[in-house]
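Trainee: no sequence on this one, just coordinates:
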C-alpha cells in the first residue's frame, strides 16, 4: 500500500484520527493542507502540532509566509515525502482538507514546472477578472472557482494552460485519464452538518482567544504584506482586514464564521466529487470510539 489518506471538512477531527492511525500502524503524516506549509501561520491554519506527539510529520512549515505555494510544488514535495517514508518501511498517512491537493496526489498526477510567460502576461495586462475568466474557459471547462478567485490566479491558470497547449507532452503527464492512481485507502471523517457548525464556531472562538489576531499582526510587523495574507483567505483574509482597520472585531468574527461554514460545505462538495471521479472514500463517524475506529482501519489495512 502506497498511502492511507484521511479526509473530511474542517473541524471534523482529521488530525487526531490521522495521528491515531500513524501511531497504531507505524506511519508518518504528510499534510495535505495548502496553508499549513507556511511558517508562522500556526493558529489560523490549525496546525495543532501538539497533537502529533512522537509522530513524524511532513510538509508543515516548509515555506515562508507571503510565499505562493502551489499544486505543482505540493505534488513534488508529496512525492519526495512519500518515497522517503516508504523507503524506511513506514506507512504514509496523507491528512488534509485541501481537496485539490489530496485528489491530485491520490490520482498520481505529475505537474510540470511552468515558468512565467512575460509576453503572455503583458498581452493580458489590461484584462479584467471577468475577461480573464472567459479566456480561461476557452482552454478548459471550469469545474470550480478556485482558478478565478482573483485576477492573479486567473492569469496564472491561463499561463499554465497556454504552456500545456505549447507542450502537449507535458499536458499528458498532468492528465488524470492517463495517470496511475496510488494504491491505498481513503478514509473520510463524516460529521453531521449541525455538529460541524457547532465545532467550527467553538474552534473559531478558541483560536481568537489563543492569539490569532496577534499572530497575524506579528506577521505584518515582520514585513509580510497584508495583501499576501488576504490572498490566503479565511482567517488570514478577515483577521488581516480587521488588523488594518477595515473591519471591526464583531464584523470580522461574524464574516469569518460565515466564510468557514461555507468553506466546509465546499470541502464536502469536493470530496463527494472525488468519489464520482473514481476515488472511493470509506466514511466513518467523527464520534466513533477511538478503539473501534482503529480496529476498523486495521481490518481495511489487512485486506490490502
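Mentor: Sure, I can see it. Owing to the predicted nature of the structure, the values given are computational and were not obtained by experimental measurement. Numbers count the residues shown, from 1 in each chain.

Trainee: quick check: nearest residue in space to residue 280, chain neighbours excluded?
Mentor: Excluding its sequence neighbours, the residue lying closest to residue 280 (CB to CB, 6 or more residues apart in numbering) is residue 186, at 6.6 Å. (Glycine included, C-beta is placed from N, CA and C.)

Trainee: mind checking how far the one you found is from residue 121?
Mentor: Residue 186 sits 38 Å away from residue 121, going by CB to CB, to the nearest Å.

Trainee: which residue of those two possesses the greater neighbour count?
Mentor: Using other CB atoms under 10 Å as the criterion, residue 186 and residue 121 rank with residue 186 on top: 22 against 13.

Trainee: mind checking the SS state of the more buried one?
Mentor: strand (DSSP: H, G, I helix; E, B strand; the rest coil).

Trainee: what sits against it?
Mentor: 4, 5, 7, 106, 274, 279, 280, 281, 282 (CB atoms under 8 Å, 6 or more residues apart in numbering).

Trainee: which of those residues are buried?
Mentor: Using 16 or more other CB atoms under 10 Å as the burial test, these include 4, 5, 7, 106, 274, 279, 281 as buried.

Trainee: name the nearest residue to the last one, sequence neighbours excluded.
Mentor: If you skip the residues right next to it in sequence, residue 281 has residue 188 as its closest partner in space, 4.2 Å away by CB to CB, 6+ apart.

Trainee: give the bridge partners for the one you found, please.
Mentor: Beta bridges link residue 188 to residue 7, residue 283, judged by DSSP bridges.

Trainee: for it, give me the pLDDT.
Mentor: Looking at residue 188, its pLDDT stands at 98.

Trainee: can you check residue 172 too?
Mentor: 69.

Trainee: ditto for residue 175
Mentor: At residue 175, pLDDT is 71.

Trainee: tell me how many other residues surround it.
Mentor: Neighbour tally, residue 175, other CB under 10 Å: 14.

Trainee: how close does it get to residue 222?
Mentor: Residue 175 is 41 Å from residue 222, where distance means CB to CB.

Trainee: with residue 216 instead?
Mentor: Distance from residue 216 to residue 222, by CB to CB: 11 Å.

Trainee: and the residue nearest to residue 281, how many neighbours?
Mentor: Counted with other CB under 10 Å, residue 188 comes out at 23.

Trainee: list the residues that contact it.
Mentor: Contacts of residue 188 by CB under 8 Å, 6+ apart are 7, 8, 271, 281, 282, 283, 284.

Trainee: among those residues, give me the pair with the biggest separation.
Mentor: Maximum pairwise distance among the contacts of residue 188 (CB to CB): 13.3 Å, between 271 and 284.

Trainee: which one among the contacts of residue 188 gets closest to residue 155?
Mentor: Among the contacts of residue 188, and counting by CB to CB, the member closest to residue 155 is residue 271, at 28.4 Å.

Trainee: neighbour count winner among residue 271 and residue 284?
Mentor: Ranked by neighbour count (other CB under 10 Å), residue 271 and residue 284 place residue 271 first, with 22 against 19.

Trainee: next one, pLDDT for the most centrally placed residue in the chain please.
Mentor: Residue closest to the mean C-alpha point of the chain, counted by CA atoms, centre = their mean, is residue 98 at 2.4 Å. Reading off the confidence values, residue 98 has pLDDT 95.

Trainee: nearest spatial neighbour of it, skipping sequence neighbours?
Mentor: residue 34 (4.2 Å).

Trainee: and what of residue 31?
Mentor: residue 59 (4.4 Å).

Trainee: in the stretch 51-200 of the chain, where is pLDDT below threshold?
Mentor: By pLDDT under 70, the weakly predicted segments of the stretch 51-200 of the chain are 143-146, 172-174, 176-177.

Trainee: ranges for the strands of it?
Mentor: 57-58, 63-64, 91-95, 184-190 (DSSP state E, counting those that start in this stretch).

Trainee: wait, residue 195 sits on residue 286?
Mentor: Yes. Counting by CB atoms under 8 Å, residue 195 touches residue 286, with 7.1 Å between them.

Trainee: between those two, who's got more neighbours?
Mentor: residue 286 (22 against 14).

Trainee: biggest helix in this protein, by residue count?
Mentor: The longest helix of the chain (DSSP state H) is helix 249-276.

Trainee: cheers, nothing more for now.
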